[in-house]
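Participant: Task: produce atomic coordinates for the following.
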Amino acid sequence: MKKRYLILIAIISYLFFTLSNVPAARVIALIKQQTGAPVDIHGARGSLWSGSADTLLVNNVPPIDNLTWDINTLYFLIAQLNADITAQISQQNILGNLKISPLGTVSVHNLRSQISGEVMQSLLQMPMGEIAGDFIFNIKEVTHLDTPLPLANGQIKWKSARLTLTETVDLGHITLLLEPEADTLRATIENKGGALSIQGTASLNPQHNYELDLTLTPVGQVSSSLQQGLGMIARRQSNGSYSIKRNGNLKQLGF
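Facilitator: Numbers count the residues shown, from 1 in each chain. Sure thing, here's the model as predicted:
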C-alpha cells in the first residue's frame, strides 16, 4: 500500500512540474483550439498555475484587463479547478475565485469590486438619466455563466446614490439583496437616507422579462418638480407615497 502511494505521489508531482513549465499562452491556445470557446486572450504570461494577461475578451462582456490567476493545485486531487483571480474592467478592480467542477460547471465565488457611478452607467448603457455614487459588490456566488442570465447570490450597495433626470435626487445608500430562484434572479431593494425612502422587489428571467414593484416615499419637503416627476412614473397613494409596478422586457427600455 505504501508503495502505491509513493508511485501516485511521484506521478502527481511529475504532472505538476511538467504543467508548471508550460507557457500560459500555449495552454490557452490549445484550449481554444480544442473547445472553440468564444474567448480571446492577449499578452498572456507565466504558466498554467500562475500567470497574467493584458486583456481577456469574452462575448457580450466588456474587455477584462490586467488579469492574473493563481491556481490552487490541491483541488486537483478532487478533480476540480480552483483559481484566485484579479482583474480590471474599465480600470475598476475585481477580485474573486473561479471554480470548474468535474462536470465542467463554471462558477465564481467571493466576487468583490467597487465601481464608480460613471463607469457603471457606461457598462449599463443607460438610455436616459445620469447616476452618481459608488457601487460596492460583495457576491457570494455567480452560477449559470453559460446562460443568457447568470444567477447571483449576494449583495450590491449603491453608496451616496444620486440620480439625475430633470434634477438631481439624493437617494442615500441603496442595498440590493440578490437571490436566485429557479432560473430567475430576484432582488430586494431598500435604502437609508436621501430624499426618498425606497422599498421593493425586482426580478429578471433569462428572456430579459422583468417585474418591478417599488414604493417611493418622500422624506420631508421635496421640490414641486420632483413631485411632478414622481407623478409621471408612479401612482400616488393616499398616504403620500408613490407606487411603481411595471413588467415588460428590458429591450423595450433600450437595454
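Participant: which stretches of the stretch 101-250 of the chain have low pLDDT?
Facilitator: Low-confidence segments of the stretch 101-250 of the chain (pLDDT under 70): 104, 127-128.
Participant: How are the strands of the stretch 151-255 of the chain distributed by residue range?
Facilitator: Listed in chain order, the strands of the stretch 151-255 of the chain (DSSP state E, counting those that start in this stretch) span 151-164, 168-181, 184-192, 196-204, 209-218, 235-236, 242-249.
Participant: closest to residue 101 out of those?
Facilitator: Closest to residue 101 of those is strand 151-164 (C-beta to C-beta; 15.7 Å). Backbone N, C-alpha and C define where each C-beta goes, glycine included.
Participant: helices and strands around that closest one, which ones?
Facilitator: strand 130-143, strand 168-181, strand 184-192 (3 or more C-beta pairs under 8 Å, 6 or more residues apart in numbering; DSSP states H and E).
Participant: Can you give the strand pairings for the first one, parallel or anti for each?
Facilitator: Think strand 130-143. With DSSP bridges as the test, strand 130-143 is paired with strand 106-116 (antiparallel), strand 151-164 (antiparallel).
Participant: cool, the last one as well?
Facilitator: Strand 184-192 sits in its sheet next to strand 168-181 (antiparallel), strand 196-204 (antiparallel), going by DSSP bridges.
Participant: For the first one, list every residue counted as buried.
Facilitator: For strand 168-181, the buried set under the neighbour-count rule, 16 or more other C-beta atoms under 10 Å, comprises 169, 171, 172, 173, 174, 175, 176, 178, 180.
Participant: likewise the shortest one?
Facilitator: By neighbour count, and taking 16+ other C-beta under 10 Å as the criterion, the buried residues in strand 196-204 are 196, 197, 198, 200, 202, 204.
Participant: now swap in stretch 119-132 and tell me
Facilitator: Residues of stretch 119-132 classed as buried under the neighbour-count rule (16+ other C-beta under 10 Å) are 119, 120, 131, 132.
Participant: How about stretch 89-105?
Facilitator: Residues 89, 92, 94, 96, 98, 99 are the ones in stretch 89-105 that count as buried (16+ other C-beta under 10 Å).
Participant: Taking the residues you listed together, which two end up most distant?
Facilitator: Distance extremes for those: the farthest pair is 92 and 99 at 22.7 Å, using C-beta to C-beta.
Participant: Now do the same contact list for residue 157.
Facilitator: By C-beta atoms under 8 Å, 6 or more residues apart in numbering, residue 157 lies in contact with 135, 136, 138, 173, 174, 175, 176.
Participant: List the residues that contact residue 181.
Facilitator: residue 203.
Participant: cutoff 10 Å now
Facilitator: By C-beta atoms under 10 Å, 6 or more residues apart in numbering, the residues touching residue 181 are 151, 203, 205.
Participant: Kindly report the same for residue 248.
Facilitator: 208, 209, 210, 211, 212.
Participant: One more pass at 8 Å, please.
Facilitator: Contacts for residue 248 (C-beta under 8 Å, 6+ apart) come out as 209, 210.
Participant: what is it paired to in the beta sheet?
Facilitator: residue 210.
Participant: what does residue 113 give?
Facilitator: If you apply DSSP bridges, the partners that residue 113 bridges to are residue 94, residue 137.
Participant: Tell me how far it lies from residue 154.
Facilitator: 11 Å (C-beta to C-beta, to the nearest Å).
Participant: list residues touching both of these two?
Facilitator: Overlap of the contact sets of residue 113 and residue 154 (by C-beta under 8 Å, 6+ apart) consists of residue 137.
Participant: still on that earlier bit, from the buried residues of strand 168-181, which is closest to residue 63?
Facilitator: For the buried residues of strand 168-181, the nearest to residue 63 is residue 178 (24.4 Å; C-beta to C-beta).
Participant: If anything else comes up later, I'll come back, but that's it for now.
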